[in-house]
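Peer 1: requesting a structural model of the entry that follows:
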Amino acid sequence: MSKIALTKRVSITMRGFSILKQYCPGLAQGKAAYELINSIQPFISVWFTAQIVNEISSQRRFNTILLFILGAVLLNFICSLLKNILNHVCNEKEAQMWNWFEKIFSDKQMSLDFVDLENAAIQHQRQEAQENLYMFGNGLAQLFWGTCTNTRIYHTLSCNDNLFVSFFIWKPIY
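Peer 2: Below is the predicted model:
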């Protein structure tokens, strides 16, 4: 693997995101939003459960407990609904992206003469370009794959920190 300066890597990645945004607008943002909701949703249940346990162990107000239960159910329903919508939209955008990539190869193939199409060196170049695009992480498609993982990790860690603060440092207000 060649060594490239960090600033050069960042500039290449930003250029890739701008190209991807131009041809597949909203794909990376949609994937990031999906992972944001996906990483926060479990903590909603944990937080509401903790509030219910606190209420049961302290004042046992039925209306407050019912409010926490309804809040947990409603927020989980909204999160599931948003996740399904984002997943559907992102799957459609991803399919458009793969069609766009295939169109590039088809357009190039249509512009070549028949003699060039049968040339083994050109066929090898095409195969190498497709392998780099689809398999080895050198293409635009791989930009948003890391976006999902990074978003999930960042928000999971921040939710863990927030839960720690809310459970062990804050005092309940009664």
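Peer 1: what packs against the strand or helix carrying residue 20?
Peer 2: In this structure, residue 20 sits in helix 6-23 according to DSSP states H and E. Applying 3 or more Cβ pairs under 8 Å, 6 or more residues apart in numbering; DSSP states H and E, we find helix 6-23 packed against helix 27-57, helix 62-111, helix 141-164. Where C-beta positions appear, they are placed from N, C-alpha and C, glycine not excepted.
Peer 1: what mean pLDDT does the second one get?
Peer 2: By that I understand helix 62-111. Helix 62-111 carries an average pLDDT of 86.
Peer 1: quick one on the thing from earlier: can you mark which positions in the helix holding residue 20 are buried?
Peer 2: Residues 16, 17, 20 are the ones in helix 6-23 that count as buried (16 or more other Cβ atoms under 10 Å).
Peer 1: show me how far it is from its chain's centre.
Peer 2: Relative to its parent chain, helix 6-23 has a centroid offset of 17 Å by Cα atoms, centre = their mean, to the nearest Å.
Peer 1: CA atoms of it as PDB?
Peer 2: What follows is helix 6-23, C-alpha atoms only, in PDB (Å, rounded to 0.1, in the frame of the first residue of the first chain):
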ATOM      1  CA  LEU A   6      -3.100  12.700   5.400                       C
ATOM      2  CA  THR A   7      -4.100  16.000   3.800                       C
ATOM      3  CA  LYS A   8      -3.900  14.300   0.300                       C
ATOM      4  CA  ARG A   9      -6.200  11.500   1.600                       C
ATOM      5  CA  VAL A  10      -8.700  13.900   3.000                       C
ATOM      6  CA  SER A  11      -8.800  15.900  -0.200                       C
ATOM      7  CA  ILE A  12      -9.300  12.800  -2.300                       C
ATOM      8  CA  THR A  13     -12.000  11.600   0.000                       C
ATOM      9  CA  MET A  14     -13.800  15.000  -0.100                       C
ATOM     10  CA  ARG A  15     -13.500  15.000  -3.900                       C
ATOM     11  CA  GLY A  16     -15.100  11.500  -3.900                       C
ATOM     12  CA  PHE A  17     -17.900  12.600  -1.600                       C
ATOM     13  CA  SER A  18     -18.600  15.600  -3.900                       C
ATOM     14  CA  ILE A  19     -18.700  13.300  -7.000                       C
ATOM     15  CA  LEU A  20     -20.900  10.900  -5.100                       C
ATOM     16  CA  LYS A  21     -23.200  13.700  -4.000                       C
ATOM     17  CA  GLN A  22     -23.400  15.000  -7.500                       C
ATOM     18  CA  TYR A  23     -24.600  11.700  -9.000                       C
END
